[in-house]
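Trainee: below: sequence and its predicted model.
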Amino acid sequence: MRIYGTNGAALAAAPKTARRAASGAFSLNEPDDAARAGAAAPLRAVASLEALIALQGVEDPLARRRRAVARGRTALDALDALKLGLLDGTVDAATLARLKRAGQGLTEATGDALLDAVMREIDLRVAVELAKAGID
């Protein structure tokens, strides 16, 4: 997402009140150098927006673990379907394709050493069954 400029809401400054001269004549205030320098300062709203965008890119370790567990369960289900097909003698290309799809992404790091070890074992079993079936 790209942001072009600001919406101008943060740039608005409080208006200065006009002072009345003692003689009763109307006069305008002279602009201060400090007021002009303050408008050119960077906005805090932009910094907080950048921080929010950066936080969206940070991945939650629990979410990564949940996805890995779901992928592992899918691969184990596909291995069970293959086992039942081998016992029935009805292994088809769809079962093997499902097993191949389930084997993708099993070796991604989750941050949990034990879960990573289990996922590598599932990946190895999937690779062995696909090699036995002659599928790369």
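Mentor: Received it, and whenever you're ready, just let me know what you need.
Trainee: average pLDDT for stretch 81-93, rounded please.
Mentor: Averaging pLDDT along stretch 81-93 gives 92.
Trainee: and G89, how far from L130?
Mentor: Remark: distance between G89 and L130 (Cβ to Cβ, to the nearest Å) = 19 Å. (C-beta placed from N, C-alpha, C; glycine too.)
Trainee: next: D88.
Mentor: Taken as Cβ to Cβ, the span from D88 to L130 is 19 Å.
Trainee: quick one, which of these two is more surrounded?
Mentor: Comparing D88 with L130 by neighbour count (other Cβ atoms under 10 Å), the higher total belongs to L130, at 16 against 8.
Trainee: go ahead and confirm the more buried one touches K100.
Mentor: Yes. The criterion here is Cβ atoms under 8 Å, and L130 meets it with K100 at 6.0 Å.
Trainee: on contacts alone, who are the packing partners of the helix ranked longest in the chain?
Mentor: Taking DSSP state H as the criterion, the chain has its longest helix at helix 61-88. Judged by 3 or more Cβ pairs under 8 Å, 6 or more residues apart in numbering; DSSP states H and E, the packing partners of helix 61-88 are helix 93-102, helix 113-133.
Trainee: can I get these in a markdown table with distance to D60?
Mentor: Converted to a markdown table, the helices and strands packed on helix 61-88 look like this (distance: least, Cβ to Cβ, whole Å):
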| stretch | distance to D60 |
| --- | --- |
| helix 93-102 | 24 |
| helix 113-133 | 15 |
